[in-house]
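>>> Requesting a structural model of the entry that follows:
(chains A, B, C and D)
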There are 2 protein chains.
Amino acid sequence: MGKLTLEKIAELTGVSRSTVSRVINDHPNVKSEVRERVLKVIAQTGYHSDPITRLQNNHRSNVLGLLIPQSTQAIFTDPYYLHLIQGITQTSNIFDYSLSLFLLHEEKEEDKLYPRILQNQLFDGLITTAIPANHPLILGLLANNIPFVLIGRHENPQISFIDVDNLGGAYTATTHLIRTGHQRIATIVGNIKNTASADRLQGYKNALGDRGYPIDENLIRPGDFTEQSGYEATQKLLPYQPDAIFAASDTMALGALRALREAKITVPNEISVVGFDDLPHAVNANPALTTIRQPVKATGNLAVELLLDILSNEYHPPQRIILPTEFVMRASTSSKTK
Amino acid sequence: MGKLTLEKIAELTGVSRSTVSRVINDHPNVKSEVRERVLKVIAQTGYHSDPITRLQNNHRSNVLGLLIPQSTQAIFTDPYYLHLIQGITQTSNIFDYSLSLFLLHEEKEEDKLYPRILQNQLFDGLITTAIPANHPLILGLLANNIPFVLIGRHENPQISFIDVDNLGGAYTATTHLIRTGHQRIATIVGNIKNTASADRLQGYKNALGDRGYPIDENLIRPGDFTEQSGYEATQKLLPYQPDAIFAASDTMALGALRALREAKITVPNEISVVGFDDLPHAVNANPALTTIRQPVKATGNLAVELLLDILSNEYHPPQRIILPTEFVMRASTSSKTK
DNA sequence: ATGAAAGCGCTAACAT
DNA sequence: ATGTTAGCGCTTTCAT
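Modelled structure (predicted):
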């Protein structure tokens, strides 16, 4: 038996290919009686139109791509991504899109993957994260007219993105530390390729500046969002005697707590620690972490909705969405003002 | 300017479409001088053949699908999958295939995803894990002639799979415990949907049986590969006074250690503990875990190679690959025979 | 409302 | 070695 094609269905129903095609695509111009007949034959035969040909003609695959430009190792060990991906997966499935996660074993494989992503039109739109501004992939996506949304802000006004208020969150955290009487507030910065890191650092600086506090470069240490980097940064901070540490992620804050524990420095009595994210491990930390909560899963949900919105509209002005953060006070901070 | 097509390239070069097509597909029958000219024009224009049309004609997308029928939550918190996926990603990239991971937010979304996977011919072959025998997806893959390999053995002789010697590994672990004088050897079983769990349990039983030891159902406890399940299973085992516990995964063994620590039972003096996997957290455990090492990453590597082999051969008898395990002795077991 | 026919961009069988 | 032609399965004008 030959493959079941639109043509066969047409033959069996006694109509033309065009009519069958119209039925499949929900075109209005089909007499309902004819539509019924066609649908019945389709059901009986178990016909499915060839997805590749449909893709060729309709430019719709019902697949969304997700690219996180990090090694799988880095992605899978970062609870932020876990939650983000969950949000993205959830909403994709709700809207009947498959999600396809492109994975890199090592970051340097980017060079091979990106051209493939740009060429392969096997997904309808792409979600991507943490890409440096003016990264070639971004330019390629724009040049090839591939619909995409970024997670993380971007200067380019043509680009739709969704981000959280990193600046405001960091500002709030730092201000709280100032208000509660801390004098030497240090910060551990995240991966600098990430705009979120830059924003959190800027929020920290703004808060200090607005209150007339000096910005001491010795109290600013680089990290890369890993626990280990928080640990090491803290060790390097200790000689400068900070009385508070604002870490740009909970995971790094956990590293800070470990370093302080080893140095026999009590938290929050001697040093207050604030994190960022409020992922589940923040509340399980010892002491439970004061942190800035960002809506990670909602970010993923909204990224998909935004992308689908772009896909469904012929005309789509770029959208820039910034989600708010919340300050969550737990046990790792105390007041020095009494 | 219109879209760059094969036809345009032909025109610009002064040859026919067929010739250009032959150049692109590395057909032998092209005079090398002509080939050069065509390639030059292609390079100059930046032409890329339409991937969708190529897919339609060649049935090759250079994309491999990966489906792990678990929630993203379960996948991302299981170090086994992390390593497996790394292996798969690595080899895919080496062979210039993109890897596309299909994700489920909740397991019940399977019903929606599977039909899409079966229809969408957007990948050349699929790798899948831990699927119960005669799962509808398996039947669908067979019925639709979609090339796939399973990670984990399967009865059906048409199916190619790659697995590790779970039976032998469990047998070795249990035999070692017997040889070192343990009398009441308990086991914590993994997720029963998984053939690996069944095999490890069977290996345990075989070892006991072969040495004339009784099989005591009280010493066999179900788990689901999570740390928590190992913890709970151990608590339920304690009343039956085991002197050794063989856990079907390191993660569950870690849970066992935690339960024993809380119960003030010393390992390995009072109870010996053996895990399975030898993922990095095994050696970092306290005490370091005696375990059965399985080559997780190699499993992923080989799964891809096997799949690519199937894709490249017109005739491909199903292959069944079983990788060996190794017994790794560390500090969580001791001898009772002195 | 329906059908005929052209077209999508490519491959491959068939000529020469 | 190269060109001509048909064909893939569908959508979409353009007729009627």
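
>>> going forward, measure contacts and count neighbours with C-alpha atoms only.
Will do.

>>> Just confirm yes or no for the longest strand along chain A near chain B.
The residue-count maximum for a strand in chain A (DSSP state E) belongs to strand A:63-71. No - judged by CA under 8 Å from any CA of the partner chain, strand A:63-71 stays clear of chain B, getting no closer than 8.6 Å.

>>> What pLDDT does the model give the residue most central in space within chain A?
For chain A, the residue nearest the mean C-alpha position is residue A:151 (4.4 Å; CA atoms, centre = their mean). Note on residue A:151: pLDDT of 97.

>>> Touching, it and residue A:127? I think so.
Yes - Residue A:151 is within contact range of residue A:127, at 7.3 Å (criterion: CA atoms under 8 Å).

>>> Low-confidence ranges, chain A, go.
For chain A, applying pLDDT under 70 flags the ranges A:1-2, A:338.

>>> Please enumerate the helices of it.
Assigned by DSSP state H, the helices in chain A fall at A:6-13, A:17-24, A:32-45, A:51-58, A:72-76, A:79-94, A:110-119, A:136-143, A:166-179, A:195-210, A:227-237, A:250-262, A:280-284, A:296-312.

>>> out of these, nearest to residue B:244?
Of all those, it is helix A:280-284 that lies closest to residue B:244, at 31.2 Å by CA to CA.

>>> show me the contacts for residue A:267.
Contact analysis of residue A:267 by CA atoms under 8 Å, 6 or more residues apart in numbering or on different chains lists A:257, A:260, A:273, A:287, A:332, A:333.

>>> returning to that earlier point: okay, angle between the longest strand of chain A and helix A:110-119 too, please.
If you take axes from the mean of the first three to the mean of the last three CA atoms, to 10 degrees, strand A:63-71 sits at 170 degrees to helix A:110-119.

>>> What strands flank strand A:63-71, and is each parallel or antiparallel?
Each strand paired with strand A:63-71, and its direction, by DSSP bridges: strand A:98-104 (parallel), strand A:125-129 (parallel).

>>> Need the residues that contact it.
Contact partners of strand A:63-71, identified using CA under 8 Å, 6+ apart, comprise A:75, A:92, A:97-107, A:110, A:122-131.

>>> returning to what we had before: most packed of the strands paired with strand A:63-71?
Each of those was given a mean neighbour count from mean count of other CA atoms under 10 Å in any protein chain shown, and the largest, a mean of 25, is that of strand A:98-104.

>>> Can you give the distance of that strand from its chain's centre?
14 Å (CA atoms, centre = their mean, to the nearest Å).

>>> Relative to residue A:127, how far out is residue A:300?
Distance, residue A:300 to residue A:127, using CA to CA, to the nearest Å: 9 Å.

>>> Stretch A:40-53: which residues count as buried?
Neighbour counts using 16 or more other CA atoms under 10 Å in any protein chain shown place A:41, A:42, A:47, A:51, A:52 of stretch A:40-53 among the buried residues.

>>> I figured the fourth one hits residue B:118, correct?
No - using CA under 8 Å, residue A:51 is not in contact with residue B:118, being 10.6 Å away.

>>> how much space between the residue nearest to residue A:282 when sequence neighbours are not counted and residue A:251?
Excluding the flanking residues, the one nearest residue A:282 by CA to CA, 6 or more residues apart in numbering or on different chains is residue A:289, at 5.2 Å. Separation of residue A:289 from residue A:251 (CA to CA) stands at 10 Å.

>>> got it, and residue A:142?
Distance of residue A:142 to residue A:251, given as CA to CA: 34 Å.

>>> Please identify which of these two sits among more neighbours.
Using other CA atoms under 10 Å in any protein chain shown, the more surrounded residue of residue A:142 and residue A:251 is residue A:251, with 28 against 15.

>>> Can you name the residue of the stretch 201-338 of chain A nearest DNA strand C?
residue A:314 (19.5 Å; CA to the nearest atom of the strand).

>>> Just the terminal-to-terminal distance for stretch A:130-140.
16 Å.

>>> Please apply the same query to stretch A:175-192.
Across stretch A:175-192, the terminal residues are separated by 23 Å (CA to CA).

>>> Identify each buried residue in it, please.
By 16+ other CA under 10 Å, the buried positions in stretch A:175-192 come out as A:175-178, A:181-182, A:184-192.

>>> what's the answer for stretch A:238-245, then?
Of the residues in stretch A:238-245, A:238, A:242, A:243, A:244, A:245 count as buried by neighbour count, 16+ other CA under 10 Å.

>>> which of those come close to DNA strand D?
Checked against DNA strand D using CA under 7 Å from any atom of the strand, the buried residues of stretch A:238-245 give no members in range.

>>> In CSV: the buried residues of stretch A:40-53, plus distance to DNA strand D.
Shown next, in CSV, are the buried residues of stretch A:40-53 (distance: CA to the nearest atom of the strand, whole Å):
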residue, distance to DNA strand D
A:41, 14
A:42, 11
A:47, 8
A:51, 7
A:52, 8
